[in-house]
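Student: my questions are about this predicted structure, shown below with the sequence.
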Amino acid sequence: MSRIAATFAALQAQKRKALIPFITAGFPYPDITPELMLGMVAAGADVIELGVPFSDPSADGPVIQAAGDKALAAGIGLRQVLEMVRTFRQKNGTTPVVLMGYANPIERYNQLHQAGGDNAFARDAAAAGVDGVLVVDYPPEECEGFAAALKKHGLDLIFLLAPTSTDERMEQVARVASGYVYYVSLKGVTGAGTLDTGAVEAMLPRIRQHVRVPVGVGFGIRDAASAKAVAGWPTRW
């Protein structure tokens with residue numbers, strides 16, 4: 001059983017929701033990231049989403065953009081992010097780590113490090129201790145080969161769903177998603193707007209009609225009140 005599956009199984013047995021915080025790798029400075037990840041676990045994180053800095057982050061608002069810009073200026077790329085995960089794994093072998101980012105760094109990494117027919121990114125991410133990957137701009141209909149490469153190395157491929165997602169899109173995601181799916185709870189980039197908890201609660205049963213993996217809710221979770229509201233809904237994987 002993967003670390004992600006084991007974590008959600010344990011949470012379900014405890015009737016708890018998962019806390020999945022996000023940080024940008026290499027921010028505010030490179031060497032601190034593994035220690036920040038350990039601190040997040042100590043503070044209650046069940047899964048860590050580690051942002052891979054990218055110069056054109058289409059889904060991110062100004063705060064995460066600024067963090068990514070600073071990390072890029074410090075020379076942080078995908079290779080350095082994998083090293084950070086490897087360092088984290090020296091002290092923590094149980095908390096799942098999901099890389100969250102964009103297709104360009106992965107495609108470039110494969111160009112530079114591909115060897116034979118294997119997918120270099122999938123191979124090296126698994127070796128570093130990564131558990132899952134969320135790539136904002138990999139649509140499900142275009143990445144079945146990538147999903148197969150990740151699966152070969154024991155990695156989960158996590159997809160986004162949005163308030164505008166159709167039943168057809170949910171079915172497409174359900175065919176290739178593993179680990180969990182990430183429901184973008186509002187229209188816009190990260191940090192935009194205020195969460196409409198009623199609209200989110202109404203959407204989740206629709207998603208669960210199609211998706212059998214756990215559903216995470218994000219983008220609009222901006223304070224303790226919104227987190228508490230979402231965590232109060234019934235747990236149904």
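Tutor: Happy to help now that I have it.
Student: alpha carbons only for contacts and neighbour counts from here, please
Tutor: OK.
Student: surely Leu150 and Asp156 touch.
Tutor: Yes - using C-alpha atoms under 8 Å, Leu150 is in contact with Asp156, at 6.5 Å.
Student: between these two, which is the more surrounded one?
Tutor: Each of Leu150 and Asp156 had its neighbours counted (other C-alpha atoms under 10 Å), and the higher figure belongs to Asp156 (26 against 22).
Student: relative to Met203, how far out is that one?
Tutor: Per C-alpha to C-alpha, to the nearest Å, Asp156 is found 24 Å from Met203.
Student: and the helix or strand where Arg86 lies, C-alpha only, in PDB?
Tutor: If you go by DSSP states H and E, Arg86 is part of helix 78-89. Written as PDB, here are the backbone C-alpha positions of helix 78-89 (Å, rounded to 0.1, in the frame of the first residue of the first chain):
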ATOM      1  CA  LEU A  78      13.100  20.300 -10.100                       C
ATOM      2  CA  ARG A  79      16.500  18.600  -9.500                       C
ATOM      3  CA  GLN A  80      16.900  20.700  -6.300                       C
ATOM      4  CA  VAL A  81      13.300  20.000  -5.200                       C
ATOM      5  CA  LEU A  82      13.900  16.200  -5.400                       C
ATOM      6  CA  GLU A  83      17.000  16.600  -3.300                       C
ATOM      7  CA  MET A  84      14.900  18.500  -0.700                       C
ATOM      8  CA  VAL A  85      12.500  15.500  -0.600                       C
ATOM      9  CA  ARG A  86      15.400  13.100  -0.300                       C
ATOM     10  CA  THR A  87      16.700  15.100   2.700                       C
ATOM     11  CA  PHE A  88      13.300  15.100   4.300                       C
ATOM     12  CA  ARG A  89      13.100  11.300   3.900                       C
END
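Student: run the chain-centre distance for it.
Tutor: Mean-position distance between helix 78-89 and its chain equals 15 Å (C-alpha atoms, centre = their mean, to the nearest Å).
Student: so what's Ala227 closest to, chain neighbours aside?
Tutor: Distances taken as C-alpha to C-alpha, 6 or more residues apart in numbering put Ile221 closest to Ala227, at 5.7 Å, once the chain neighbours are dropped.
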